[in-house]
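> I'll drop the sequence and a predicted model, then ask my questions.
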Amino acid sequence: MVNRVALKKALIIEGIEGDFYKNCLTRTRDDEGRNTFRRVIEEKEKHIHEIKQILGNNNETNEESVYEENMVEVISYDVNEDYDVIDALNVCIDNSRRVMAEYECLGLAEMRQKEEYLIQELEEDMKSHMKTGAWWDFRVVGH
């Protein structure tokens with residue numbers, strides 16, 4: 001039996017996370033960094049598509065709007081223009097850990113697993129950038 005309420009909440013979470021990564025993408029000038037964020041955005045969009053296919057017709061309720069507002073407070077962090085790649089990836093990993101915990105609470109084991117896999121990928125990217133010394137510059141959008 002599909003838990004539609006939990007899946008609707010997962011759809012909200014994936015959208016918020018996707019927006020966060022799009023923000024990261026617009027702020028980095030480094031090609032390698034942009035590739036990392038593009039890859040994650042594609043993964044989030046794939047998750048959203050999969051959830052929408054399961055849910056079919058998705059009519060938002062007032063309860064879901066309140067949930068979305070709460071989740072923005074939990075997982076949406078602005079990437080500061082002073083951040084380097086390690087700072088940004090740490091924020092990404094922290095966000096994903098919060099999302100993973102939320103999926104655990106919602107009883108969405110498969111979504112939790114996908115988020116755990118994403119964390120592992122981000123940690124590998126961080127290790128790679130620490131070894132190569134590739135630091136990305138972030139800038140304020142519009143500057």
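Now that the structure is in, tell me what you want to look at. Only a predicted model underlies this, so the values are computations on that prediction, with no experimental measurement involved. Numbers count the residues shown, from 1 in each chain.
> flag every buried residue along the least confident helix or strand in the chain by mean pLDDT.
The weakest-scoring helix or strand in the chain, judged by mean pLDDT, DSSP states H and E, is helix 62-75 (a mean of 83). Under the neighbour-count criterion of 16 or more other CB atoms under 10 Å, helix 62-75 has E64, Y67, E68, M71, I75 buried. C-betas here are computed from N, CA, C, even on glycine.
> just put these in CSV and tack on distance to K127.
Shown next, in CSV, are these (distance: CB to CB, whole Å):
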residue, distance to K127
E64, 37
Y67, 34
E68, 33
M71, 29
I75, 23
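> just for this protein, where's the confidence low?
The chain contains residues with pLDDT under 70 at 1, 57-61, 79, 81-83, 132-143.
> spatially central residue for it, please.
Residue closest to the average C-alpha location in the chain (CA atoms, centre = their mean): E17, at 3.1 Å.
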